[in-house]
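Peer 1: I'll drop the sequence and a predicted model, then ask my questions.
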Amino acid sequence: VQCRNDDYGGNMLLRLSRMLATATKMLHGAALPSEIIIVEWNPPLGAAPIHEVIERAPDTGSVPIRVIRVPTAVHMSMPHHKAHPIFEHTAENVAFRRARGKFILKTNIDNILSPDTVLFIASRQLREDSVYRATYVEYDVTRPETEGLGPDDLLSWLFGRKDLLTNVNLQLKELSEQYPEDTAVCLQGHSQTEEGHHPTRPFYWAGSGD
């Protein structure tokens, strides 16, 4: 992910910390070898460094969080630097080039991965010749009722919302009709039930609605 400590969109650190807490919790629980890379692009003058203010779930040390700082001097050396405080795609490429894993998942600071997404990845059936797309659903996870929720409770609250699940299924239906072969690939590899069958469920994540 890419960011800078400028409170862009409001509650920036809260959104980032929730993404990190839920992601590390699920990745650790799935025993999935992984890392999270944060590219701190053009840090604002006087703002605390990202590595000093981020929060993560306890007992998730198996999932390292790496912060790569791209100084202001690098930003100012690029065209149009005055018009944009952060070059999002360039920052993402910084992470891609330095990632140590076999596969890369590109996301944003306010995206919360669904448990099904993590289970899909943890099945270790990803194809090297494929680019996977997850259904994205905007949902406000900064509602008052979420205040103080830990990662497990936040995930249960969010992915138990009937309106969110309905929206996901509608999007999946539309995409399945447009790209049936691609959808078949994306629906493989889910966690097994007690009977040994694979439930057919989409993988997706929810955004905070920015």
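Peer 2: That came through fine.
Peer 1: just for this structure, where's the confidence low?
Peer 2: Across the chain, the ranges flagged by pLDDT under 70 are 184-210.
Peer 1: where's I37, which helix or strand?
Peer 2: I37 belongs to strand 36-41 when assigned by DSSP states H and E.
Peer 1: Can you list the strands that that strand pairs with?
Peer 2: Sheet pairing of strand 36-41 (DSSP bridges) gives strand 2-3 (parallel), strand 65-70 (parallel).
Peer 1: Please report how far I50 lies from V168.
Peer 2: In this view, I50 and V168 are 31 Å apart by Cβ to Cβ, to the nearest Å. Glycine gets a C-beta too; all of them are placed from N, C-alpha and C.
Peer 1: quick revisit: send me the strand holding I37 as CSV with only the CA atoms.
Peer 2: Extracted in CSV, the C-alpha atoms of strand 36-41 (Å, rounded to 0.1, in the frame of the first residue of the first chain):
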residue,chain,number,x,y,z
ILE,A,36,2.9,-6.1,4.1
ILE,A,37,4.7,-3.3,2.5
ILE,A,38,3.8,0.3,3.2
VAL,A,39,5.4,2.9,0.9
GLU,A,40,5.5,6.3,2.7
TRP,A,41,5.8,8.7,-0.2
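Peer 1: which other residues reach that strand?
Peer 2: With contact meaning Cβ atoms under 8 Å, 6 or more residues apart in numbering, strand 36-41 is reached by 1-5, 16, 20, 23-24, 49-51, 54, 63-70, 75, 86-87, 90-92, 94-95, 98-99.
Peer 1: Can you flag the buried ones in those?
Peer 2: The neighbour count (16 or more other Cβ atoms under 10 Å) marks 1-5, 16, 20, 23-24, 50, 54, 63, 65, 68-70, 75, 86-87, 90-92, 94-95 as buried among those.
Peer 1: Those in strands, which ones?
Peer 2: 2-3, 65, 68-70 (DSSP state E).
Peer 1: any idea which of those is the one closest to S156?
Peer 2: I65 (23.3 Å; Cβ to Cβ).
Peer 1: Surely the closest one touches A21?
Peer 2: No - the criterion here is Cβ atoms under 8 Å, and I65 misses it with A21 at 10.6 Å.
Peer 1: between these two, what contacts are shared?
Peer 2: Counting by Cβ under 8 Å, 6+ apart, the common neighbours of I65 and A21 are R56.
Peer 1: hmm, back to that, out of the strands paired with strand 36-41, which comes closest to N11?
Peer 2: Smallest distance to N11 across these (Cβ to Cβ): 12.6 Å, for strand 2-3.
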